[in-house]
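> I would like the atomic coordinates for the input below:
(2 chains)
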Protein chains: 2
Amino acid sequence: MALVKINMRREITGFSNPLIKRVRSLREKKHRKREYKFIAEGLRILTEAREAGYIPEMIFLDQNQKEHPLATILCDTVESNGGDIIETNREIIAKITGKDNAQMAVGIFADIDISLNNINRNDADIWMAVQDMRDPGNLGTMMRTCDAVGGGGLFLIDDCTDPFSVETIRASMGAIFTQKIVKCSWDEFIAWKQSGPGQLIGTSLKSDNDYQAISYQTPAFVLTGNEAQGLPLDYEQCCDILVKMPMKGKADSLNAAISSAVMSYEVLNQIRKRY
Amino acid sequence: MALVKINMRREITGFSNPLIKRVRSLREKKHRKREYKFIAEGLRILTEAREAGYIPEMIFLDQNQKEHPLATILCDTVESNGGDIIETNREIIAKITGKDNAQMAVGIFADIDISLNNINRNDADIWMAVQDMRDPGNLGTMMRTCDAVGGGGLFLIDDCTDPFSVETIRASMGAIFTQKIVKCSWDEFIAWKQSGPGQLIGTSLKSDNDYQAISYQTPAFVLTGNEAQGLPLDYEQCCDILVKMPMKGKADSLNAAISSAVMSYEVLNQIRKRY
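Numbering: from 1, shown residues only, chains lettered A, B, ... in the order given. Here you go, the predicted model:
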């Protein structure tokens, strides 16, 4: 006889409930790594996740909120997938996510672990690669932009901020689920990149190439370095092309997420003109 | 006989010093408004300020840091301008700015108050206008981008986050001093805009105009709405042109700072091709 798991909608409204404490601990990277789970908040992001095929193992819902059609679909999917629905209140949700202005729903997901070998570079014309990206907001925003340009995903090289932190996922606006996120070393990335077609595009202040004067090839890999240091010199030398954007003011650099967006939209605009 | 102010280099290393407490309070908007002062941190940003003609009234320096040529020039300028130099340590600087990884220098500046009447729109081809922009990081990043495209400044419309917060200034990377920042209501902005030449460019998902299919006029005013709501409908209707950027993924919008950057670089690129 097969074991049948009976799903229950449970109610939890106590701050000291052990499950709340455990889920809340997922805001810290060490606990995420130990539990192989992460938190995503908000009905919109959870719906993006569902549509991309990622169903939370557990969902916390504000029971004082009016029923929302997206929440109903989400709960049905979670339940039919064997997950748990926890009815709770806005204060508990705020405690879990650490955000005063809490969302009506929070999902707990199993880790998404994608390796270079799982990537088909021909799935998309544009990919982003980031090296030593430290700011969660920058990384999440880059995921969101990569989705917007029809990108396939992001390669997280060297010591990047955790893509599964609450702050990164919040800034990604759901793109954490639509973009393939691959953590790898520089050597692994370069070896993989050179094993197939594609152009590695680096932005560098030292380059003489105006970013609009180059005809880009696809798949294009738009590489952006650390917020403060930019790309290491030997990384720049591995790029197929180095370009720079015009800087007309006093500043000598752009924010990393801005730079990768301006560059990626240039590649997209060139692709749009070809077809 | 004229009063001669004798400047002193003072040393303060005590956390409970009243001046430290007072300066630290400038991290809060209500204290900035009461004191008509704000904080900017880091030798690089303070040098941008000096080059733009803004000299801090007071500067806090880490006395354990090796002498830096930029710090020497800065201190000379502050002293000859009648300001104060306070020698202190990294812990005090961290306490003032609320940032663990503190900079070696912090400056206290008098409020910069620019009104619409002080703006000559022909000083620059590109200006940014933001409505209800709530995130300090977004606003600071937009200042930085506006500087990069050779922009003249930013119009802060309705209920925007304080441009003089530590977080905004940090994200601006000094552009707070190179860009003219004007706070105004929508009605004031529109009346001023219509009193002279220029094109108000709004981005809207409802528009059928591809942002690359339009030939922009200068001075161009790139308008970006609130992070969550976008522009109100009646604001959109006041724009000279509404455009949209291609969105190729699941997402239906870009981060506000990204959107304004992609738009502004398009305007800049068109201007570059004209000359």
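> in contact with the nearest residue to A:K99 once chain neighbours are set aside, which residues?
In space, and not counting its chain neighbours, A:K99 is closest to A:E41: 7.3 Å by CB to CB, 6 or more residues apart in numbering or on different chains. Where C-beta positions appear, they are placed from N, C-alpha and C, glycine not excepted. Going by CB atoms under 8 Å, 6 or more residues apart in numbering or on different chains, A:E41 touches A:I93, A:T97, A:K99, A:A102, A:Q103, A:A105, A:V106, A:G107, A:V166, A:I169, A:R170.
> where does the stretch 151-275 of chain A come near chain B, residue by residue?
Contact residues (CB under 8 Å from any CB of the partner chain) of the stretch 151-275 of chain A with chain B: A:151, A:171, A:173-175, A:178, A:212, A:245-251, A:253-255, A:257-258, A:261-262, A:265, A:268-269, A:272.
> kindly give a single PyMOL line that selects the buried subset of those residues.
Selecting only the buried entries of those in PyMOL, with 16 or more other CB atoms under 10 Å in any protein chain shown as the criterion:
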select buried, chain A and resi 151+171+173+174+175+178+245+246+248+249+250+251+253+254+255+257+258+261+262+265+268+269
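> quick one: which of the residues of the stretch 151-275 of chain A next to chain B sit in helices?
Per DSSP state H, helices hold the following members of those: A:A171, A:A175, A:T178, A:A257, A:I258, A:A261, A:V262, A:Y265, A:L268, A:N269, A:R272.
> isn't the fourth one right up against B:V262?
No - under the criterion of CB atoms under 8 Å, A:A257 makes no contact with B:V262, lying 11.4 Å away.
> show me where the stretch 151-275 of chain A dips below the pLDDT cut-off.
Within the stretch 151-275 of chain A, not a single segment meets pLDDT under 70.
> closest point of it to chain B, which residue?
With CB to the nearest CB, the shortest gap between the stretch 151-275 of chain A and chain B falls at A:K248, namely 3.0 Å.
> next: the stretch 1-150 of chain A.
Closest to chain B within the stretch 1-150 of chain A is A:G150: 3.0 Å, counting by CB to the nearest CB.
> what's the closest non-adjacent residue to that residue?
Leaving aside its sequence neighbours, A:G150 sits nearest to B:K248 (CB to CB, 6+ apart; 3.0 Å).
> okay, now the domains of chain A?
As given by automatic domain parsing, the domain ranges for chain A are A:15-110, A:116-274.
> how long is the shortest one from one end to the other?
Pointing back at domain A:15-110 there. End-to-end span of domain A:15-110 (CA to CA, to the nearest Å): 24 Å.
> with the last one instead?
With CA to CA as the measure, the ends of domain A:116-274 fall 29 Å from one another.
> same deal with stretch A:170-189?
27 Å.
> residues of it that come out buried?
For stretch A:170-189, by 16+ other CB under 10 Å, it's A:170-184, A:186, A:189.
> what about the strands in the stretch 151-275 of chain A?
With DSSP state E, counting those that start in this stretch as the criterion, the stretch 151-275 of chain A has strands at A:153-157, A:180-184, A:199-203, A:220-224, A:241-243.
> for the fourth one, C-alpha coordinates in CSV please.
Listed next in CSV are the C-alpha coordinates belonging to strand A:220-224 (Å, rounded to 0.1, in the frame of the first residue of the first chain):
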residue,chain,number,x,y,z
ALA,A,220,26.5,37.2,-26.5
PHE,A,221,27.9,37.0,-23.0
VAL,A,222,27.9,40.4,-21.3
LEU,A,223,30.5,40.4,-18.6
THR,A,224,30.4,42.9,-15.7
